[in-house]
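> below are the sequence and a predicted model for it; my questions follow.
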Amino acid sequence: TVFDIPSQWIRTITKPNFEYTIDTASAKSIAPKQARGIGGCGIHNAMIYIRGTPFDFNQGVWAENNWTWDRVLPFYTRTENNTYFKSSSRHSNSGPVQISFASDSGSSFESLFLTECTKRSQFNKDFNGVQREGCGEYQFLIRDGVRDSSAVAFLSPLRRHYAGRLEIRPFSHVTKIIFEGKNAVGVEYVNSTKQPSSKSSLERHVAYSKREIVLSAGAVHSPNILLQSQLNNTSIGHGLTDGVYIIMQFAVSLKDAQEWNHCWSQSSSRYCKSMRREYITNRNGTYASPGLRVGAFLTSPYSTETPDIQITVHPWDKFERNWTNHHERIIEKHGGNIITLEISNNRPRSRGSITRGQDDLSPAVFHSPYLNDVRDAQALEWAASFVRDIFSEMNATELLPGSNHKNLTEYIRCGLEPYRDPKFPDCDPSSMIVDHLCCSNKIGSVVDSELRVYGVNNLRVADASVFPTLPSGNTHATCMMVGERAASFILSSTKDE
């Protein structure tokens, strides 16, 4: 399917029919993208495999609840089948999820960026190794040219092994958890394959549990389900966290960057046709790649102990903008080549929340966590200067925000006027969203150290909502680690019975 082809994530992540509807508390904010499909956001993200760091886990609520680095690392490695690094305390070659570097050599720009970045920082051959700081290549959840999503890696083998015993019910909307007293005994859901004439006409079903229920609906939907289930813990939904982006784009004179761009916006080109044939025949080439390869983790002056900045390089125009005439002339001068950089502050101070939808069939309500504390922009302004210094060594012109744009905080918050969504002509906040949402059902506040929901029995939560803080990077690997540890807790509890 389109979900399986690594290069096509940019298509699926922009299709509304692959997303859940989420309401926003303010008409001036935009909801994040939440994948609607088996495997969650693992079916449409960029497949980057980045763990948390020892710094993340060896302090604060993680450490206080026995989620220290030495305890979580084995559950990271348990999932991993790394094709490059040999089995060690930090890597495994026997887990269910294949982790690999990009299969193609990438664009010449990526190599140039890596060279210039390393001059200003250091080279890091393994972002999941001893240290995070530096410039290097990402690792991806890709197996033989195909996305190795959680659904593929974990569910597919179980469906074969437990044929007739494991039932997966797609197109089902969970409305609430059913309780008998304080005991969670079932899950109420409705089938959403057909558009009902009214909400009241939907037939409600209940799946009953003999032991435990595990809620794994993500940082937006898990708190909504708990709230719709009438749990009265006031911490549910609070502390919602995401990174915050500044987007930078440059026109660059390079001979091969245009070919990469064609495979996204002009896939009928001769080059892209040949790459499709290569993919169909050998599962290799551009289509077997997520379209990005390199990045960096940097420590700004606002985070003295651990990297807070993440730079991800897209050697193409990720947003396919309708450029102004002024920018079109600049782009043409550079041969039509556009480079996109997504720069994230992974240690934001700002917090938001999730509140209950109008009823149990209504979307959750999203209260934005972006730039509620304006200090989050400081590290991004520093990172923008770092990037501008790199590009000063190249034959390049800054398109966005533009070298003359001085108020970067305003740009981060609202975007540049010619490129704002028509729905948000005065301030378009969409560019800030990183989509690494977490922390809305925190360990220590909503669930205990073994992910059991406080105040009730037989109910656990296992997803990004239980994170006490945002890990220093992409969240998917940490979600899998949480799932592995949840399974361990459940198995241990059954042995005690």
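Yep, that arrived. Numbering: from 1, shown residues only.

> and the next helix or strand past the lowest-mean-pLDDT helix or strand in the chain?
Taking mean pLDDT, DSSP states H and E as the measure, the helices and strands of the chain show their lowest mean at helix 257-265, namely a mean of 64. From helix 257-265 onward toward the C-terminus, using DSSP states H and E, the following helix or strand is helix 270-282.

> who are the packing partners of that next one?
For helix 270-282, the elements it packs on are helix 257-265, judged by 3 or more C-beta pairs under 8 Å, 6 or more residues apart in numbering; DSSP states H and E. Every C-beta, even on glycine, is put in place using the N, C-alpha and C of the backbone.

> you'd agree residue 446 is up against residue 235?
Yes - using C-beta atoms under 8 Å, residue 446 is in contact with residue 235, at 5.2 Å.

> those two - which one has more neighbours?
Here residue 446 and residue 235 are set side by side on neighbour count (other C-beta atoms under 10 Å), and the busier one is residue 446, at 26 against 15.

> contact partners for residue 39?
Residues in contact with residue 39 (C-beta atoms under 8 Å, 6 or more residues apart in numbering) are 3, 149-152, 155.

> skipping its backbone neighbours, what lies nearest it in space?
In space, and not counting its chain neighbours, residue 39 is closest to residue 151: 3.2 Å by C-beta to C-beta, 6 or more residues apart in numbering.

> the one you found: neighbouring residues, count only.
Counted with other C-beta under 10 Å, the neighbours of residue 151 add up to 18.

> go on, the one 3 residues further on?
When counting by other C-beta under 10 Å, one arrives at 19 neighbours for residue 154.

> per-residue confidence for it?
Each residue has a pLDDT score; the one for residue 154 is 91.

> then the one 10 residues further on?
What the model reports as pLDDT for residue 164 is 83.

> that one sits in which helix or strand?
In the assignment (DSSP H and E), residue 164 maps to no helix and no strand.

> low-confidence ranges in the chain?
For the chain, the stretches flagged by pLDDT under 70 are 105, 193-201, 256-262, 264-266, 496-497.

> quick one, helices of it?
Across the chain, reading from the start of the chain, the helices by DSSP state H fall at 9-12, 54-57, 60-64, 69-78, 108-120, 150, 156-161, 218-228, 257-265, 270-282, 325-333, 376-391, 408-414, 476-495.

> distance to residue 245 and mean neighbour count added to those, as TSV?
Converted to TSV, these look like this (distance: least, C-beta to C-beta, whole Å; neighbours: other C-beta atoms under 10 Å):
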stretch	distance to residue 245	mean neighbour count
helix 9-12	16	18
helix 54-57	20	20
helix 60-64	24	16
helix 69-78	25	18
helix 108-120	18	18
helix 150	24	21
helix 156-161	33	12
helix 218-228	17	25
helix 257-265	19	20
helix 270-282	28	15
helix 325-333	20	14
helix 376-391	8	20
helix 408-414	7	19
helix 476-495	17	18
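
> redo the ones you listed as TSV? Include distance to residue 99.
What follows is the helices of the chain, written out as TSV (distance: least, C-beta to C-beta, whole Å):
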stretch	distance to residue 99
helix 9-12	17
helix 54-57	19
helix 60-64	23
helix 69-78	10
helix 108-120	19
helix 150	13
helix 156-161	17
helix 218-228	22
helix 257-265	23
helix 270-282	20
helix 325-333	36
helix 376-391	27
helix 408-414	32
helix 476-495	9
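
> residue 143: which of these is closest?
With respect to residue 143, and counting by C-beta to C-beta, the nearest of these is helix 156-161 at 11.3 Å.

> distance between the closest one and the chain's centre?
What separates the centre of helix 156-161 from the centre of its chain is 26 Å, taken as C-alpha atoms, centre = their mean, to the nearest Å.

> what number of residues lie near residue 248?
Residue 248: 23 surrounding residues under other C-beta under 10 Å.

> show the contacting residues for the residue nearest to it when sequence neighbours are not counted.
When the adjacent residues along the chain are set aside, residue 248 lies closest to residue 341, with 4.6 Å between them (C-beta to C-beta, 6+ apart). Under the criterion of C-beta under 8 Å, 6+ apart, the neighbours of residue 341 are 247-250, 311-314, 387.

> tell me which two of those sit farthest apart.
The most widely separated members of those, counting by C-beta to C-beta, are 250 and 312 (14.3 Å).

> more neighbours: which of these two?
Neighbours per residue, other C-beta under 10 Å: of residue 250 and residue 312, the larger number sits with residue 250, 23 against 20.

> may I have the beta-bridge partners of that one?
Listed beta-bridge partners, residue 250: residue 339, residue 398 (assigned using DSSP bridges).

> roughly how far does it sit from residue 138?
For residue 250, the distance to residue 138 (C-beta to C-beta, to the nearest Å) stands at 20 Å.

> and if you look at residue 144?
18 Å.

> same thing with residue 161?
Going from residue 161 to residue 138 by C-beta to C-beta gives 32 Å.

> again, but for residue 109
15 Å.

> how much space is there between the closest residue to residue 38 other than its chain neighbours and residue 170?
Excluding the flanking residues, the one nearest residue 38 by C-beta to C-beta, 6+ apart is residue 151, at 4.6 Å. Using C-beta to C-beta, we find residue 151 at a distance of 11 Å from residue 170.

> quick one: common contacting residues for those two?
37-38.

> how about residue 192, what does it touch?
Contacts here follow C-beta under 8 Å, 6+ apart; on that basis residue 192 touches 171-173.

> same check, this time on residue 344
Going by C-beta under 8 Å, 6+ apart, residue 344 touches 243-245, 309-312, 434, 436.
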